[in-house]
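Enquirer: quick one, structure for this:
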Amino acid sequence: MNLIPQFTRSVLLIFSILLLRSDSAIRATGPEGKPNILFIAADDLRPQLGCYGYTQMITPHLDALARRGLVFERAYCQAATCRASRLSLLTGMRPDSTRIHTNGGPHFRSRMPDLVTLPQMFRNSGYRSLSLGKIFHGAFKVRSKWNDPTSWSESEWWPGPRYYYSPEGIASARRTFARTNPPNVDDWVNQFVLGQAWEAPDIEDNVLYDGQVADKAIETLRRIHEEPFFLAVGFLKPHLPFVAPKKYWDLYPADQVSAADNQYAPIGSPPYAMTSWGHPRSYTDIPKKGPIPEQLVHKLTRGYAACASYVDAQVGRVLAELDQLGLRDNTIVVFWGDHGFHLGENGVWGKTTNFELATRVPLIISGPDINAAGQSTKALVELVDLYPTLCELAGLNRPGHLEGRSLAPLLDTPNQAWNQVALSQFPRGDVMGRSMRTDRWRFTRWAKANRTVGLELYDHETDPAENHNLATSDAHVELVKQLTDQLETVWPKRR
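Expert: Now for the predicted structure:
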């Protein structure tokens, strides 16, 4: 018998088994000891929460999360619109570098095909990376072109787009749908159709989009909890239309709701500072021009609060499941809003401005070994900081393209000296508004081909609502010059 071929086959078999076992062990234990990431987003949510000092708001679950984490009191998005803000956060790059400043433009992969996004970094590091609801700009299957399959271990998941459930809401959606579709088609339920701007249907939470997202998150946690995960959960509210189950509207009795008292453009503001409320005016009950009727202003203000409480309840359901599965002690929870929202303040409804109300966002980070749990910080931070922060907290190598700064040191020492500024921007056609928030001032320069066409300066010590533009005041000429020079110095160069 020739033993050499038999011996060779045996060695090869043993070697192959060892390789397979080694590869399996690497896949199973690559992120061993690393924390899970629960990455929760809310759409159009400004920091109107109990934990941010809004005592009239009923947000017990986010307030509880704040008691277990660090509240960032002065966190800012890089662009006050959904796509540009989310893309900046998820790529770790500022809008000038992604070259996406609005909700339009090409897919970022056409320009940066090899860029590793935040969820992709975790996927590449052995985590199961999953997306439920609105994370990238797409929120529905019918509008998913902005999403990024490369970032995720499985296909993104969204509920359907239906918004309306009352007879009045359904009728408004059908009228809108009929204007742009053949008369024999009545598929408004499965389309992205805008009807009226609010609704308070007497339904269960999971009849609506965000309740379905919470259901799916709970189901997913039960399915994947035995392996390391990066689970992104994107809630759609309080984005217009302000639709929430009636029980959340009932939390805010009509006679206890007050609309903003500064529903006018800031005195002395340049025209570039304002918007025409493009998205809000697409709803059937909001006038195409001119002011919103006082009764509707009150209704929308109440509806926004109801939607915030509705989202809070869904976050609470997901966090309760995290606790039920015994995962809280090994999971970093990040709750963030993609940008703020004007409810008539500064003469604006919606976002797409460089005002404080559009750029400031809620941000809470909770997790194991956070020494500052239950505290808050006034440090000026940005959403672009989240990518490097999570890399550091999870022990992953930070990619070289990131433009933010890790917030990890603040989780131990929240009152330490930090950034001097936070930067945001938003364009008006070929005019770019670049905005800088300092400890005291908000300064915005509007420029066309680097030629200044408008300036804004607001003093947050004396005018936190930004009602008076001081940029043209003789008393502030030298300050405007100093801030202009500072903005030019700190603004990052485009990659």
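Enquirer: in stretch 297-309, what counts as buried?
Expert: Within stretch 297-309, the residues that count as buried by 16 or more other Cβ atoms under 10 Å are 297, 299-309. Every residue, glycine included, has its C-beta placed from N, CA and C.
Enquirer: what is the nearest of the residues you listed to D369?
Expert: Nearest to D369 among the buried residues of stretch 297-309: A308, at 29.9 Å, using Cβ to Cβ.
Enquirer: quick one: what helix or strand has that closest one in it?
Expert: Using DSSP states H and E, A308 sits in helix 294-324.
Enquirer: pLDDT on that helix, on average?
Expert: Average pLDDT, helix 294-324: 98.
Enquirer: tell me what the helix or strand following that helix is packed against?
Expert: With elements assigned by DSSP H and E, the helix or strand that comes after helix 294-324 is strand 331-337. Under the contact criterion of 3 or more Cβ pairs under 8 Å, 6 or more residues apart in numbering; DSSP states H and E, strand 331-337 touches strand 36-42, helix 60-67, helix 294-324, strand 363-366, helix 386-394.
Enquirer: turn those into CSV, columns for distance to L130.
Expert: Shown next, in CSV, are the helices and strands packed on strand 331-337 (distance: least, Cβ to Cβ, whole Å):
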stretch, distance to L130
strand 36-42, 10
helix 60-67, 20
helix 294-324, 13
strand 363-366, 20
helix 386-394, 15
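Enquirer: closest to V233 out of those?
Expert: strand 36-42 (4.9 Å).
Enquirer: only alpha carbons, please: show that closest one as CSV.
Expert: The C-alpha trace of strand 36-42 is given here as CSV (Å, rounded to 0.1, in the frame of the first residue of the first chain):
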residue,chain,number,x,y,z
ASN,A,36,-23.5,46.3,20.9
ILE,A,37,-24.8,49.6,19.4
LEU,A,38,-28.4,50.6,19.4
PHE,A,39,-28.6,53.7,17.2
ILE,A,40,-31.9,55.4,17.4
ALA,A,41,-32.9,58.3,15.2
ALA,A,42,-35.9,60.7,15.2
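Enquirer: list the helices and strands that strand packs on?
Expert: strand 229-235, helix 294-324, strand 331-337.
Enquirer: hmm, back to that, looking at the helices and strands packed on strand 331-337, which is nearest to Q120?
Expert: helix 386-394 (10.7 Å).
Enquirer: that closest one to strand 229-235, inter-axis angle?
Expert: With axes from the mean of the first three to the mean of the last three Cα atoms, to 10 degrees applied, the angle from helix 386-394 to strand 229-235 works out at 140 degrees.
Enquirer: tell me the mean pLDDT over helix 386-394?
Expert: 98.
Enquirer: what's downstream of that helix, the next helix or strand?
Expert: Immediately after helix 386-394, counting by DSSP H and E, sits helix 408-412.
Enquirer: measure how far the very next helix or strand once past that next one is from the centre of its chain, please.
Expert: Following helix 408-412 in sequence order, the next helix or strand is strand 422-428 (DSSP H and E). Offset of strand 422-428 from its chain centre (Cα atoms, centre = their mean, to the nearest Å): 16 Å.
Enquirer: again, but for stretch 417-437
Expert: Worked out by Cα atoms, centre = their mean, stretch 417-437 lies 17 Å from the chain centre.
Enquirer: stretch 480-495 too?
Expert: The mean C-alpha position of stretch 480-495 is separated from the chain mean by 26 Å, Cα atoms, centre = their mean.
Enquirer: output the helices and strands packed on strand 36-42 in TSV, with distance to P270 appended to each entry.
Expert: Output for those, formatted as TSV (distance: least, Cβ to Cβ, whole Å):
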stretch	distance to P270
strand 229-235	34
helix 294-324	25
strand 331-337	27
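Enquirer: any idea which of those is most buried?
Expert: strand 229-235 (a mean of 26; mean count of other Cβ atoms under 10 Å).
Enquirer: tell me which other helices or strands the next helix or strand after that strand touches.
Expert: As assigned by DSSP H and E, the chain's next helix or strand after strand 229-235 is strand 242-243. The contact analysis (3+ Cβ pairs under 8 Å, 6+ apart) places strand 242-243 against strand 198-199, helix 294-324.
Enquirer: quick one: work out the angle between the longest one and helix 60-67.
Expert: Think helix 294-324. Using the same axes, to 10 degrees: helix 294-324 against helix 60-67 is 60 degrees.
Enquirer: list the buried residues in stretch 487-495.
Expert: Across stretch 487-495, burial judged by 16+ other Cβ under 10 Å covers 487, 491.
Enquirer: hmm, who's touching it?
Expert: 93-94, 96-97, 99, 401, 403, 420-421, 423, 434, 436, 443, 445 (Cβ atoms under 8 Å, 6 or more residues apart in numbering).
Enquirer: of all the helices and strands packed on strand 36-42, which one is nearest L410?
Expert: strand 331-337 (13.4 Å).
Enquirer: what's the first helix or strand after the closest one?
Expert: strand 342-343.
Enquirer: show the average pLDDT along that following strand.
Expert: Here the average pLDDT along strand 342-343 is 98.
Enquirer: now what about that strand, what contacts it?
Expert: Residues outside strand 342-343 that contact it (Cβ under 8 Å, 6+ apart) are 259-260, 300-301, 304, 348-351, 353, 355, 357-358.
Enquirer: other SSEs contacting the helix or strand that that strand is followed by?
Expert: For strand 342-343, the following helix or strand on the C-terminal side (DSSP H and E) is strand 349-350. The helices and strands touching strand 349-350, judged by 3+ Cβ pairs under 8 Å, 6+ apart, are strand 342-343.
Enquirer: now do the helix or strand harbouring A447 against strand 422-428, angle only.
Expert: Assigned by DSSP H and E, A447 belongs to strand 441-448. Angle, strand 441-448 to strand 422-428, by the same axes, to 10 degrees: 40 degrees.
Enquirer: strand partners of strand 441-448, parallel vs antiparallel please.
Expert: Strand 441-448 sits in its sheet next to strand 431-437 (antiparallel), strand 451-459 (antiparallel), going by DSSP bridges.
Enquirer: show me the residue at the heart of the chain, geometrically.
Expert: Centroid-nearest residue in the chain, with Cα atoms, centre = their mean: D338, separated by 2.2 Å.
Enquirer: surely it is in contact with C82?
Expert: Yes - D338 lies in contact with C82 (Cβ atoms under 8 Å); the separation is 5.7 Å.
Enquirer: which residues are in contact with each of these two?
Expert: 43-44.
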